[in-house]
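# coordinates for the following, if possible.
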Amino acid sequence: MYRILLIMIALIVYGSLYPWDFHSTQLAASPLWVLVHSWPTQIDRSFVRNVAVNLLLYIPVGVFGFLALRQHLGTGFAVTVTVLIGLTLSGSIEMIQLFDDARICDASDVVCNVSGTIFGVALGYLYQHWLKGFVVRADRAKLLHPSGAMLLFYTWLAYQTFPLFPVLSLTRLAVKFRDRFLEASISPLQTFIYLVEWLVVAQLLENVLGAERTRRLFPFLLLVIPAKLMVAGRTFTWSEVAGGVLACICSYFLNGYQRRIGVVGVLIVSMLVLGGLAPYHWSSVANPFSWVPFSGFLQTDQEFGLLIFLRKCFWYGSAIWILRAAGLRLARAAVAVALILWAIEVAQIHLPGRVAEITDPLLALILALILGLSEQLQNLRSKSPAR
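The predicted structure is shown next:
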């Protein structure tokens, strides 16, 4: 319950302060005074939508805050502390938004957030036994005690939905949807890359949920592709749609976990090589090689850099995990992937438009270390569940 509560709070803080464009400003009074006196001047459709969003946003805080605190406190204390958490969180965010160019401090938001928290507490109190039983079931507990496969799936999900900020304007959604039909083109290379990504996702889910559940869930997971239209700054390509559909077909015909894991292992290594060597034009003029780790990430645009970073984490971590699942020791799988990436980086010295650096091989080794620690924790948990 505490983990879910912390995840909810982290998502609220991130979404409420996005895009994190802070500035210094001279206020006429203290931030608390400004907050107390910042009420909306008119009620329109935008205000009603804002009220609904702020109410719904804090309901999980009320539900899981009450359920978490109820384990150690009485009902009255749990209710009081949960409401205070909602009030403190909402008030603090609103005052911080005074220094955010893209946000407005509004006292009505605090009222809606606290009301949502109270409503969530009521739901938690009325359905506490059902909610606890739902969360602590063994198949759902895996989501809160993630294995290496689950961590990689979360990385993929974050890469798909980044920057985790929804588009609530129907006009913007209509424009995005129209643009997709005006740019109806498919790239063979990108289709292959997305095909491999979706096959890897299917393999990760099968490791966690089993073959039968994965077979039922996987087609519905393709809804993530059009759902990108509802994320700020994101859209989808027809190559992605084609890759996802082909992955569904291939996963249906590739029967057997071990047989499929070998095929996916070959495909993901091929994807790393083909994607890393694009655009396949050799240049006699050598690009400089950067020995400073993550230098390209630090120099690029923040959002674009984080998106590429998440995608690389999924690619390289999945390659190591797939090779590990195919029978290689973790250290050998990590070294193999790191050497492949090193060879690609060396080749990129003579590829126009590419940046050759030490980051990718180093990132693969770091991801292997994380996967190894996750594997050890999973083994300890299986040996001593109570501990």
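# among the helices and strands of the protein, which has the poorest mean pLDDT?
Using mean pLDDT, DSSP states H and E, the weakest-scoring helix or strand in the chain turns out to be helix 138-144, at a mean of 60.
# following it, which helix or strand comes up?
Downstream of helix 138-144, the first helix or strand assigned by DSSP states H and E is helix 148-161.
# and the residue of the chain positioned farthest from its centre, how far from residue 248?
For the chain, the residue at maximal distance from the C-alpha centroid (Cα atoms, centre = their mean) is residue 284, at 39.8 Å. Noted for residue 284: a distance of 44 Å to residue 248, by Cβ to Cβ, to the nearest Å. (Glycine included, C-beta is placed from N, CA and C.)
# so what are the domain limits for this structure?
2-136, 147-383 (automatic domain parsing).
# give the buried residues for the helix or strand where residue 118 lies.
Taking DSSP H and E as the definition, residue 118 sits inside helix 107-126. The neighbour-count check on helix 107-126 (16 or more other Cβ atoms under 10 Å) flags 107-121, 123-125 as buried.
# mind putting the domains of the chain into JSON lines with mean pLDDT?
Putting the domains of the chain into JSON lines (pLDDT from 0 to 100) gives the following:
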{"stretch": "domain 2-136", "mean pLDDT": "88"}
{"stretch": "domain 147-383", "mean pLDDT": "88"}
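# quick one, what contacts the closest residue in space to residue 2 that isn't next to it in sequence?
Among residues not flanking residue 2 along the chain, residue 68 sits closest, at 4.8 Å (Cβ to Cβ, 6 or more residues apart in numbering). Taking Cβ atoms under 8 Å, 6 or more residues apart in numbering as the criterion, residue 68 is in contact with 1, 2, 4, 5.
# and if we set it to 10 Å?
Each residue near residue 68 by Cβ atoms under 10 Å, 6 or more residues apart in numbering is listed here: 1, 2, 3, 4, 5, 6, 78, 81, 82, 85, 124.
# still on that earlier bit, elements contacting the helix holding residue 118?
Helix 107-126 is packed against helix 2-17, helix 31-36, helix 45-57, helix 59-70, helix 75-96, helix 128-135, with contacts defined by 3 or more Cβ pairs under 10 Å, 6 or more residues apart in numbering; DSSP states H and E.
# next, the angle from the fifth one to helix 45-57.
For helix 75-96 against helix 45-57, the angle by axes from the mean of the first three to the mean of the last three Cα atoms, to 10 degrees is 140 degrees.
# can you give me the angle helix 75-96 makes with helix 107-126?
Interaxial angle of helix 75-96 relative to helix 107-126 (the same axes, to 10 degrees): 150 degrees.
# quick one: work out the angle between helix 75-96 and helix 2-17.
Using the same axes, to 10 degrees, the direction of helix 75-96 lies 30 degrees away from that of helix 2-17.
# hey, C-alpha coordinates of helix 75-96 in PDB?
C-alpha atoms of helix 75-96 as PDB (Å, rounded to 0.1, in the frame of the first residue of the first chain):
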ATOM      1  CA  THR A  75      -9.400   4.700  11.600                       C
ATOM      2  CA  GLY A  76      -9.700   8.300  12.900                       C
ATOM      3  CA  PHE A  77      -6.000   8.900  12.700                       C
ATOM      4  CA  ALA A  78      -5.700   7.300   9.300                       C
ATOM      5  CA  VAL A  79      -8.400   9.500   7.900                       C
ATOM      6  CA  THR A  80      -7.000  12.600   9.500                       C
ATOM      7  CA  VAL A  81      -3.400  12.000   8.300                       C
ATOM      8  CA  THR A  82      -4.500  11.000   4.800                       C
ATOM      9  CA  VAL A  83      -6.500  14.200   4.400                       C
ATOM     10  CA  LEU A  84      -3.500  16.200   5.700                       C
ATOM     11  CA  ILE A  85      -1.300  14.500   3.200                       C
ATOM     12  CA  GLY A  86      -3.700  15.500   0.400                       C
ATOM     13  CA  LEU A  87      -3.900  19.100   1.700                       C
ATOM     14  CA  THR A  88      -0.100  19.500   2.200                       C
ATOM     15  CA  LEU A  89       0.600  17.900  -1.200                       C
ATOM     16  CA  SER A  90      -1.900  20.100  -3.100                       C
ATOM     17  CA  GLY A  91      -1.000  23.300  -1.300                       C
ATOM     18  CA  SER A  92       2.700  22.800  -1.800                       C
ATOM     19  CA  ILE A  93       2.300  22.100  -5.500                       C
ATOM     20  CA  GLU A  94       0.100  25.200  -6.000                       C
ATOM     21  CA  MET A  95       2.600  27.400  -4.300                       C
ATOM     22  CA  ILE A  96       5.500  25.900  -6.300                       C
END
